[in-house]
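Undergrad: Kindly return the folded structure for what I paste below:
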Amino acid sequence: MFKSILLPTDGSDLSEKATAIAVNFAKIHGARIVGISVIQPFPFFPMAEGAVVPDAEVFDTQLNAAARRNLDQIANAAAAAGVPFEGVIANSHSPYEEIVAAAEKHNCDIILMASHGRKGLNKLFLGSETQKVLAHTQLPVLVLR
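TA: Model (predicted):
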């Protein structure tokens, strides 16, 4: 039924748990996993005189390295289980848009993703990428907590 699974990762403990579940799910269904890690661009804010501004190039290099490590964790788990894997790093202010676009581009049948389960003001201010993905895709989404 499911032959291609999109698995977004942010490197959190929940993403690691989602990876283990996705690998088992893929093995059962004979599916491949497409992992995606979305990097949000350097947040530039005009600052007052004398403010310390981090180096944007260092910021981007560190985020790319972290995204690669996150995808490598999925790749290693998939390889150990004999599950085909492809990794994608995207750069966007809107991670949910990249997740939905990657699912379409890679012909995924399902999106399997972790949710941090934020509530109240945290959800209001931080938003929920999972909620946004659910609202903007026609694919089934398996949400893990």
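Undergrad: Who are the contact partners of residue 143?
TA: Taking Cβ atoms under 8 Å, 6 or more residues apart in numbering, we find residue 143 in contact with 113-115, 130, 134. From N, CA and C alone the C-beta is placed, and that goes for glycine too.
Undergrad: One more pass at 6 Å, please.
TA: 115, 130 (Cβ atoms under 6 Å, 6 or more residues apart in numbering).
Undergrad: what's the helix or strand for it?
TA: Using DSSP states H and E, residue 143 sits in strand 141-144.
Undergrad: List the neighbouring strands of that strand plus their orientation.
TA: Strand 141-144 pairs in its sheet with strand 110-114 (parallel), by DSSP bridges.
Undergrad: Using CSV, list the CA coordinates for the strand it pairs with.
TA: Presented in CSV, the C-alpha positions along strand 110-114 are these (Å, rounded to 0.1, in the frame of the first residue of the first chain):
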residue,chain,number,x,y,z
ILE,A,110,2.4,9.0,3.2
ILE,A,111,4.1,11.5,5.5
LEU,A,112,5.2,10.2,8.8
MET,A,113,6.3,12.9,11.3
ALA,A,114,6.7,13.6,15.0
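Undergrad: Next, the buried residues of that strand.
TA: Buried residues in strand 110-114, defined by neighbour count with 16 or more other Cβ atoms under 10 Å: 110-114.
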